[in-house]
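*Asks:* pasting the sequence and the predicted coordinates here, then a few questions.
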Amino acid sequence: MPALAPPDDRLPGPRTARPARLGYWCPVSRSLRHPFGEKRIFGSSGGTKPAKTKSRQPRMRPSRFSMEAMLDAPDTTESRPGLRLRIVAIVMVGLFALLGLRLWALQVLQAPAAAQAVVANQIRTVPITPTRGLILDRNGNPLVGNVVTEQITLSRVTAAQHPAVIGNLAALVGETPAQIQAALTNQQYSLYKPVPIMSRAPLTDVLYIKEHQAEFPGVTAVQTTERTYPQGELPGAQGAYPASQVLGYVGTINSAELKSRAAQGYQAGDAFGQAGLEYQYEQQLHGTNGTQELEVDPQGDVAGVLKTTPSAPGDNIVTNIDTNLQQVADNALATQVQALRKTYDPACNSNAGCYPAATGGAVIVMSPQTGAVYAMSSYPSYNPNVWVGGISQAAYSALSDPTNNEPLLNRAVDGQYIPGSTFKLNTATVALQSGLWTPTEPFYDSGTYKVPGCQYSSITCIYHDSAGDAAGTYNVSSALTVSSDAFFYNLGYLFYAQSSKYGETPIQDQAAQYSLGELTGIDLPGEAQGRVDSQAVRVKLHAEAPSVFKNTTWYTGDNIEMAFGQGGTYVTPIEQAVAYSTFANGGTRYAPQVASAVVSPSGQVVKKFTPQVTGHVALSPSTYQALMTGFTGVVQSPDGTAYGAFQGLNFPGGLAGKTGTADTVPGKEPTAWFIGFGPTANPQYVVVCVIDQAGYGATASAPVVRDIFSYLATHPIGPAVVPPDQKTTESTQPIALPGTTPDSSTTTTTTQPG
């Protein structure tokens with residue numbers, strides 16, 4: 001086909017015959033004919049067109065508007081199937097790439113984890129409980145041991161498959177099906193270990209199960225170890241066990257304990273110390289768990305044992321407790337409480353008379369030279385055998401019931417009592433050390449003390465509790481001997497009146513140095529903290545409980561009451577033991593220590609506890625001698641408040657002490673205290689006794705302390721045997737009970753104050 005002519009002025013023909021310029025080349029006057037319709041092709045450079053006679057008409061400008069473009073008619077829009085196919089192909093390739101990447105990740109990257117998960121579904125690792133360590137006395141005698149027993153267990157899975165076994169087993173062991181079901185649903189036990197149903201199972205039950213296995217699917221009898229308590233008690237202790245609250249007991253670990261000890265390898269169903277030394281030294285006593293890898297089928301049944309790692313037994317705790325001394329203390333306290341409840345007191349209830357309630361008490365025997373606790377008693381007490389194999393709800397309620405005076409409570413560290421005259425140690429110490437009073441300075445006690453400058457005698461006059469029996473002139477030593485309250489009323493007043501010189505709280509500060517109102521740091525859980533009354537204490541208590549503690553003021557009378565151990569002051573027996581031990585040794589305060597050492601099962605000493613100094617009290621020689629003279633007179637002088645209780649006792653080196661009679665609630669007997677220590681030249685023992693609602697300290701508590709010193713006079717405490725002899729440790733027989741019987745002189749009474 002000939003080339004079309006270019007759109008410029010070089011077209012052939014006259015210039016007048018050329019079309020008008022439109023700004024672009026638009027050959028509207030020519031068109032291509034169908035090749036089959038004509039042989040000529042117009043518009044080529046080689047052809048001619050005949051002239052027309054018709055006049056030329058004006059030409060119309062072509063419109064740029066396209067209706068087809070606006071409507072996008074299908075027949076006018078160019079289809080692009082190739083582009084669509086390419087887009088679909090790209091999407092499909094991307095999806096297949098992602099799928100391939102995921103398969104690669106599953107098969108390559110996550111293959112080890114998946115394989116481990118499959119194995120985990122087939123293998124279960126369960127712990128093997130170790131044998132618990134022993135708790136021994138200072139001579140190696142076991143206070144808490146272990147015994148191998150038969151335990152009847154039931155598989156959860158088998159019980160679900162054979163429900164009839166629950167009823168059969170319940171009938172055999174003497175329980176109800178509901179009790180068996182409750183044990184199976186108890187989450188404290190591991191899901192992959194049989195649930196213990198009966199501990200210390202009789203041999204007849206064990207043999208019956210083995211002979212009738214078809215009736216007891218999933219029931220097995222396995223050997224296990226349980227706590228045993230081999231020692232006995234003197235008859236007065238009424239079936240309790242030596243130092244039961246100190247030893248504590250063992251139970252199944254609960255959810256909170258399991259959460260806090262999970263990092264130490266504890267598992268559901270493990271034994272765990274719940275109180276006393278069992279709790280305090282749980283980590284040492286527990287030992288190291290073993291493991292057993294069990295093969296489990298899809299139904300959860302154990303198909304076999306793959307691997308076993310044996311457990312390591314726990315270490316033994318050697319205590320400072322002397323078992324025989326502990327038995328004497330338990331017996332003396334329990335016997336005295338029972339006797340008080342049967343003894344009519346005509347002075348009770350404002351001379352109306354009553355039988356003292358004597359709700360409970362505590363005894364502590366401690367070394368003032370080291371802080372070692374030789375004995376610790378709390379009454380009422382109990383026998384921890386009740387916890388072995390699980391305690392019933394009825395038994396637990398009886399032990400924690402306030403109407404039974406809460407036998408679980410260790411009153412030696414948890415009991416809080418008004419100290420009465422035993423608090424005078426603090427007031428006398430600070431009075432002499434500060435220079436407020438001198439050792440020989442006299443004071444006349446007329447039986448009635450009136451605050452200087454008082455205007456209303458009914459408010460400001462304080463009467464001596466002995467109604468004038470202690471009237472006389474006393475220095476600080478003799479005031480302690482006869483327990484002159486008026487002497488200490490005066491000291492309380494002087495400190496209040498001269499607060500600008502001696503400070504606002506000199507007596508309280510001295511008490512804190514002796515440990516009163518402070519935690520002593522004894523290695524037993526749950527120690528209560530006493531408080532020494534002051535305005536700051538009252539403000540704090542009011543902020544915590546405004547409706548209970550309404551009074552925040554502090555007057556002269558408050559300081560006087562606090563000075564002789566009354567008012568809002570409460571202390572614990574262990575605080576008193578530390579305070580008087582600190583004085584007895586000349587001013588060094590030790591933390592009380594029940595444990596002496598940690599020893600491995602093979603007899604190797606793992607750790608030996610040394611005395612822990614927690615503070616010092618400044619005691620000049622003159623102060624110490626003046627106070628010691630007064631405390632010695634309490635026991636050895638005919639004027640002493642406890643002279644009658646200790647008549648006939650010949651303790652080597654002599655004894656000293658202090659009585660205390662603390663008023664509590666009107667109509668109830670006072671709290672009775674006595675604290676003794678000796679030998680006076682170099683004290684080796686401090687003995688504290690407190691009995692609530694018992695009467696005078698001289699008649700209620702002093703006899704208990706006398707019984708204990710009577711035993712110590714012929715049975716001094718020797719050094720702790722560390723490491724203990726293995727034969728002694730492994731003995732399952734109780735040691736012989738002490739042969740000393742309290743003599744009749746322990747019941748001697750006196751009407752002297754204190």
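*Replies:* In hand now; what should we look at?
*Asks:* quick one: the helices in the stretch 501-650 of the chain?
*Replies:* For the stretch 501-650 of the chain, the helices defined by DSSP state H, counting those that start in this stretch cover 506-514, 535-544, 556-563, 573-584, 621-636.
*Asks:* now the element after the longest strand seen in the chain, going C-ward?
*Replies:* Longest strand in the chain by number of residues (criterion: DSSP state E): strand 142-154. Once the chain leaves strand 142-154, the next helix or strand it forms, by DSSP states H and E, is helix 156-161.
*Asks:* and that following helix, C-alpha only, in CSV?
*Replies:* What follows is helix 156-161, C-alpha atoms only, in CSV (Å, rounded to 0.1, in the frame of the first residue of the first chain):
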residue,chain,number,x,y,z
ARG,A,156,-7.8,-42.1,90.3
VAL,A,157,-8.0,-43.5,86.8
THR,A,158,-8.9,-47.0,88.0
ALA,A,159,-11.5,-45.7,90.4
ALA,A,160,-13.2,-43.8,87.5
GLN,A,161,-13.2,-47.0,85.4
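*Asks:* that helix - contacts with which helices or strands?
*Replies:* helix 164-173 (3 or more C-beta pairs under 8 Å, 6 or more residues apart in numbering; DSSP states H and E). All C-beta spots, glycine's among them, are computed from the backbone N, C-alpha and C.
*Asks:* flag every buried residue along the helix it packs on.
*Replies:* Neighbour counts over helix 164-173 (16 or more other C-beta atoms under 10 Å) mark Val165, Ile166, Asn168, Leu169, Ala170, Leu172, Val173 as buried.
*Asks:* now that helix and strand 142-154, what's the angle there?
*Replies:* 140 degrees (axes from the mean of the first three to the mean of the last three C-alpha atoms, to 10 degrees).
*Asks:* after helix 164-173, next one along is what?
*Replies:* helix 177-184.
*Asks:* I'd like the next helix or strand past that next one.
*Replies:* Next element after helix 177-184 (DSSP H and E): strand 195-198.
*Asks:* strands paired with that next one, and their directions?
*Replies:* Here strand 195-198 has these sheet partners by DSSP bridges: strand 142-154 (antiparallel).
*Asks:* Ser547: how many residues sit nearby?
*Replies:* 6 (other C-beta atoms under 10 Å).
*Asks:* now the helices of the stretch 501-650 of the chain in CSV, with mean pLDDT and distance to Asn410?
*Replies:* Output for the helices of the stretch 501-650 of the chain, formatted as CSV (pLDDT from 0 to 100; distance: least, C-beta to C-beta, whole Å):
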stretch, mean pLDDT, distance to Asn410
helix 506-514, 98, 22
helix 535-544, 94, 24
helix 556-563, 93, 27
helix 573-584, 98, 9
helix 621-636, 98, 27
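*Asks:* closest to Leu83 out of those?
*Replies:* Of all the helices of the stretch 501-650 of the chain, helix 535-544 sits nearest to Leu83, with 81.3 Å by C-beta to C-beta.
*Asks:* what residues of the closest one count as buried?
*Replies:* Buried, per 16+ other C-beta under 10 Å, within helix 535-544: Gln535, Val537, Arg538, Leu541.
*Asks:* tell me where the model's unsure across the stretch 451-600 of the chain.
*Replies:* 455-470 (pLDDT under 70).
*Asks:* most tightly packed of the helices of the stretch 501-650 of the chain?
*Replies:* Most buried of the helices of the stretch 501-650 of the chain, by mean neighbour count (mean count of other C-beta atoms under 10 Å): helix 573-584, with a mean of 28.
*Asks:* tilt between it and helix 506-514?
*Replies:* 90 degrees.
*Asks:* and helix 573-584, how far from the chain's centre?
*Replies:* Distance of helix 573-584 from the chain centroid (C-alpha atoms, centre = their mean, to the nearest Å) equals 25 Å.
*Asks:* okay, angle between it and helix 621-636 too, please.
*Replies:* Using the same axes, to 10 degrees: helix 573-584 against helix 621-636 is 120 degrees.
*Asks:* hmm, back to that, JSON lines for the buried residues of helix 164-173, including pLDDT and distance to Ala332?
*Replies:* Output for these, formatted as JSON lines (pLDDT from 0 to 100; distance: C-beta to C-beta, whole Å):
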{"residue": "Val165", "pLDDT": "89", "distance to Ala332": "53"}
{"residue": "Ile166", "pLDDT": "90", "distance to Ala332": "50"}
{"residue": "Asn168", "pLDDT": "88", "distance to Ala332": "51"}
{"residue": "Leu169", "pLDDT": "90", "distance to Ala332": "47"}
{"residue": "Ala170", "pLDDT": "89", "distance to Ala332": "46"}
{"residue": "Leu172", "pLDDT": "88", "distance to Ala332": "46"}
{"residue": "Val173", "pLDDT": "87", "distance to Ala332": "41"}
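*Asks:* kindly reformat the residues you listed as a markdown table containing distance to Phe709.
*Replies:* A markdown table is the format used below for those (distance: C-beta to C-beta, whole Å):
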| residue | distance to Phe709 |
| --- | --- |
| Val165 | 61 |
| Ile166 | 59 |
| Asn168 | 60 |
| Leu169 | 56 |
| Ala170 | 55 |
| Leu172 | 54 |
| Val173 | 50 |
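*Asks:* relative to Leu234, which of those is nearest.
*Replies:* Val173 (35.4 Å).
*Asks:* neighbours of the residue nearest to that closest one when sequence neighbours are not counted, how many?
*Replies:* Of all residues not flanking Val173 in the chain, Met198 sits nearest, at 4.6 Å (C-beta to C-beta, 6 or more residues apart in numbering). By the criterion of other C-beta under 10 Å, Met198 has 24 neighbours.
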